[in-house]
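Asks: Below: sequence and its predicted model.
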Amino acid sequence: MFRILFPLMVILLLLNACKKGTIPAPTPPPVQKTYVSENSFKIVAYFPSYQNPDSVDVSKYKMITHLFYAFLTPNANGSLNALPQIARFNQVINTARSKGVKVGISISGPSDIFVSLAGSASSRSNLVKNVLAFVKQNNLDGVDLDWEYPRTTDGSDVTYTLLVKELSDTLHNNNKYLSAAVTPGVYAGGVRDGFKPENFAYLDFLNIMMYDGVGWDKTAPKQHASYNMSVASFDIWLNSKGLIKEKAIMGIPSYGRNTNNGSAGYRTLISNGAKSYLDSAAYNGAIYYYNGTKTVKEKAMLAKQRGNGIMFWEFYFDTNGSNSLLKAANDTLGRSYN
């Protein structure tokens with residue numbers, strides 16, 4: 001009898017255990033977070049690979065919210081060239097990250113490369129795949145696309161939108177943000193119209209390059225980045241194109257230009273006698289026109305009223321001292337950086 005009942009008891013116990021779920025189900029894979037745009041006021045800076053980070057005071061990193069290392073360059077088939085100055089890249093990214101800064105990579109290169117790349121579905125796919133791999137490998141927060149410039153005259157306005165959408169879908173699905181550096185828009189034509197408003201939905205913010213416009217402002221024809229130019233640029237992007245202010249980042253140069261298109265960094269000009277509160281100075285046999293601390297303070301207030309951030313090209317060009325442009329902007333905005 002026992003020999004008959006014992007196997008039956010074992011079977012019943014096993015069946016009962018199964019009913020109670022004691023045999024655990026396989027653990028599902030973790031759900032990948034998708035990126036949700038946030039609307040905090042941004043202070044963005046680019047750090048070019050050719051500048052030495054040792055010459056930038058570490059405290060300056062607390063004056064920004066986002067940093068893009070520049071540049072990662074693509075080939076026409078969507079492959080990526082090796083990043084120059086990888087040791088500098090690691091130093092800059094690690095320092096910024098340690099100060100709570102969001103870190104990313106800016107992708108740029110010759111316009112003809114982008115035209116060819118964006119015009120091919122397979123090349124776009126390759127680029128998106130390679131960019132995502134780079135971002136993941138280096139634990140970056142996002143990507144900036146600096147294509148200067150898509151335009152209507154060659155059809156790249158259409159393929160730019162395709163590229164932006166594909167980058168956006170992939171990066172956002174992997175909890176990474178996407179921004180773009182764009183024209184100031186103050187000159188009518190194929191470049192201004194080359195950025196289609198449908199791109200707004202794919203981008204988390206736009207770094208509007210409100211500089212390099214020598215001769216545009218008739219009241220200050222030698223100034224390449226006047227206050228009036230910034231106002232006009234906001235008018236174009238917000239009113240004509242329909243960009244929401246939460247995605248509008250105002251570009252400010254930390255360098256000056258002369259009328260022959262020569263340029264010099266703000267720190268170079270200051271170290272050679274330029275006054276931080278002025279907007280022009282003699283240097284190396286020419287007059288250079290720049291944005292001093294007074295103008296930067298005015299622009300910071302304009303950005304607060306009409307946009308959602310400021311961007312500097314570029315981080316190294318600023319000074320480390322009390323006449324820093326970033327310091328002037330932070331002080332005006334009431335932002336703590338100690």
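Replies: It's in. Numbers count the residues shown, from 1 in each chain.
Asks: List the residues that contact Ala45.
Replies: For Ala45, the contact set (C-beta atoms under 8 Å, 6 or more residues apart in numbering) comprises 64, 66-68, 311-312, 314-315, 326. The way it works is simple: take the backbone N, C-alpha and C, and place the C-beta from them, glycine included.
Asks: Skip the chain neighbours and tell me the closest residue to it.
Replies: Phe315 (4.1 Å; C-beta to C-beta, 6 or more residues apart in numbering).
Asks: and that neighbour, backbone torsions?
Replies: Dihedral pair for Phe315: phi -60, psi -50, per degrees, to the nearest 10.
Asks: For it, grab the count of nearby residues.
Replies: The number of residues packed near Phe315 is 26, by other C-beta atoms under 10 Å.
Asks: same check, this time on Pro74
Replies: Pro74 - counted by other C-beta under 10 Å - has 24 other residues nearby.
Asks: my read: it touches Ile113, true?
Replies: Yes - using C-beta atoms under 8 Å, Pro74 is in contact with Ile113, at 6.5 Å.
Asks: List the contacts of the strand or helix carrying Val135.
Replies: Using DSSP states H and E, Val135 maps to helix 121-137. By C-beta under 8 Å, 6+ apart, the residues outside helix 121-137 that reach it are 72, 74, 76-80, 104-105, 107, 116-118, 140, 142-143, 159, 162-163, 166-167, 170-171, 174, 176.
Asks: from the residues you listed, which would you call buried?
Replies: For the contacts of helix 121-137, a burial check counting by 16 or more other C-beta atoms under 10 Å picks out 72, 74, 76, 78, 80, 104-105, 107, 116-118, 140, 142-143, 159, 163, 166-167, 170-171, 176.
Asks: And the helices in the chain?
Replies: 2-19, 86-98, 111-118, 121-137, 156-173, 227-234, 266-271, 293-306, 325-333 (DSSP state H).
Asks: circling back to that earlier point, ok, the residue nearest to Ala45 - contacts?
Replies: So Phe315 contacts 45-47, 51, 56, 60, 64, 67, 254 (C-beta under 8 Å, 6+ apart).
Asks: Just those residues: which are in strands?
Replies: Taking DSSP state E, the ones among the contacts of Phe315 that sit in strands are 45-47, 67.
Asks: how close does Ser49 get to Tyr289?
Replies: Separation of Ser49 from Tyr289 (C-beta to C-beta, to the nearest Å) stands at 27 Å.
Asks: So for stretch 187-198, what gets flagged as buried?
Replies: 191-192, 194-195.
Asks: I meant to write stretch 260-274 there.
Replies: 264-270, 274.
Asks: Throw the residues you listed into TSV and include pLDDT, thanks.
Replies: What follows is the buried residues of stretch 260-274, written out as TSV (pLDDT from 0 to 100):
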residue	pLDDT
Ala264	99
Gly265	99
Tyr266	99
Arg267	98
Thr268	99
Leu269	99
Ile270	99
Ala274	99
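Asks: Can you tell me which of the residues you listed is nearest Tyr211?
Replies: Tyr266 (12.1 Å; C-beta to C-beta).
Asks: wait, isn't that closest one in contact with Gly256?
Replies: Yes - under the criterion of C-beta under 8 Å, Tyr266 makes contact with Gly256 at 6.9 Å.
Asks: Just want the most central residue of this protein.
Replies: Closest residue to the average C-alpha location of the chain: Asp144 at 4.1 Å, with C-alpha atoms, centre = their mean.
Asks: pLDDT score assigned to that residue?
Replies: Among the per-residue scores, Asp144 holds a pLDDT of 99.
Asks: I'd like the distance between it and Ser179.
Replies: For Asp144, the distance to Ser179 - C-beta to C-beta - is 5 Å.
Asks: Overlap of the contact sets of these two?
Replies: 68, 104, 207.
Asks: can you redo the residues you listed as a markdown table with pLDDT and distance to Phe134?
Replies: Output for the shared contacts of Asp144 and Ser179, formatted as a markdown table (pLDDT from 0 to 100; distance: C-beta to C-beta, whole Å):
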| residue | pLDDT | distance to Phe134 |
| --- | --- | --- |
| Phe68 | 99 | 13 |
| Gly104 | 99 | 11 |
| Asn207 | 99 | 20 |
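Asks: Present these as JSON lines; the columns should include distance to Val92.
Replies: Listed next are those as JSON lines, based on distance: C-beta to C-beta, whole Å:
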{"residue": "Phe68", "distance to Val92": "10"}
{"residue": "Gly104", "distance to Val92": "11"}
{"residue": "Asn207", "distance to Val92": "18"}
